[in-house]
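>>> Okay, sequence plus prediction incoming.
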Amino acid sequence: MTDSTAQTDTTAETDTSTQTDTTAQHTEKAGTARENRLAGKVAIVTGGGQGVGEGIALGLAESGAALLLVGRRMRKLERVAEIIRSNGGTAECLAVDIITDGAPEAIIATAVEKLGGVDILVNNANMAMPLPLSDYPDDEFRKAFEGGPRVTFTLMKLARPEMAKRGGGTIINLVTAAAVRWDAANYGIYSAVKEAIRALTRAAAYEWAAEGTRALNVAPHAHSPGLDWWMENNPEEAEEFVSSIPAGRVGDPLSDIGRPVAWLCSAEASYLSGATIPLDGGQSRWG
């Protein structure tokens, strides 16, 4: 009995040790694979200076891509760029208002000149506001569509030939679950802007597939300066909002949005195109 017990204990120790080593090796390999997943790729992220855009930029850089961060405020872009550089990555910044004449052309040209091309385009910048239809100013309505589907469409068209030169690429367009909510109050214009972008994504996925270019929509829920401000100033509504998320929390911009997006841009997801991917903890229902 004594020998048997000793043998059982020894076996348990050996199995546990082996399992620990295997887990460590798997974790190390997974980390290495993630770091190399997008090695040699060049990615553009609009609205890359904060929130979801920052998380996506960090996720892409973590997977090996070189980044062009685009936004209106250089200070915010440089802060994110420094994080990327401090971790051994490559990042350039372009401060520009995306709706100004020539801005999309400047964005693509900068990526080509400074980083060598374009493999990934993330259209994250947004100018639409959550307001009731009757309160939405006409000039803001036009600006919302200029900064949404119009600029998205132009960047997609300009990026297409650059991606084709490199064997194809991936377009990620940010959309919203507000478009499929039962209660659409205050989100009519915002949803309309994003649904127009969804339609462009679907068409590009079909029309450009033969060139090796994929297009996907991502509908995220994650912390951002705007959302965090709203939650702090509307605690009761914020509690109700969080309780409606099956996961029980608001997403993290890097781990819950950026890293999944990096995977979507990788060769591992090469058969996935034209879809809308909700990264929202199970809150929305698409169908």
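That came through, no problem. Numbering: from 1, shown residues only.

>>> where along the chain do the helices fall?
2-36, 51-62, 74-86, 103-115, 138-145, 151-165, 188-207, 225-233, 235-243, 259-264 (DSSP state H).

>>> averaging pLDDT over each of these, which comes out lowest?
Least confidently modelled of these is helix 2-36, at a mean of 51 by mean pLDDT.

>>> Need the winner for burial among the helices of the chain.
helix 51-62 (a mean of 28; mean count of other Cβ atoms under 10 Å). Just so you know, the C-beta spots here come from the backbone N, C-alpha and C atoms, and that holds for glycine as well.

>>> between it and helix 74-86, how big is the angle?
Computed with axes from the mean of the first three to the mean of the last three Cα atoms, to 10 degrees, the direction of helix 51-62 lies at 30 degrees from that of helix 74-86.

>>> Report all helices and strands that helix 51-62 contacts.
For helix 51-62, the contact count by 3 or more Cβ pairs under 8 Å, 6 or more residues apart in numbering; DSSP states H and E identifies strand 42-46, strand 66-71, helix 74-86, strand 120-123, helix 225-233, helix 259-264 as packing neighbours.

>>> And these: which comes nearest residue 53?
strand 42-46 (5.5 Å; Cβ to Cβ).

>>> which other helices and strands contact the closest one?
Secondary elements touching strand 42-46 (3+ Cβ pairs under 8 Å, 6+ apart): helix 51-62, strand 66-71, helix 103-115, strand 120-123, helix 151-165.

>>> Any chance of CSV for those, columns distance to residue 246?
Below are the helices and strands packed on strand 42-46 laid out as CSV (distance: least, Cβ to Cβ, whole Å):
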stretch, distance to residue 246
helix 51-62, 20
strand 66-71, 32
helix 103-115, 37
strand 120-123, 26
helix 151-165, 30
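
>>> which residue is nearest the middle of the protein?
Nearest residue to the geometric centre of the chain (Cα atoms, centre = their mean): residue 56, 4.2 Å.

>>> Now do the contacts for that residue.
45, 48, 122, 124, 172, 253, 257, 258, 261, 262 (Cβ atoms under 8 Å, 6 or more residues apart in numbering).

>>> If you rank these by neighbours, which is first?
The residue in the contacts of residue 56 with the most neighbours, by other Cβ atoms under 10 Å, is residue 45 (34 neighbours).
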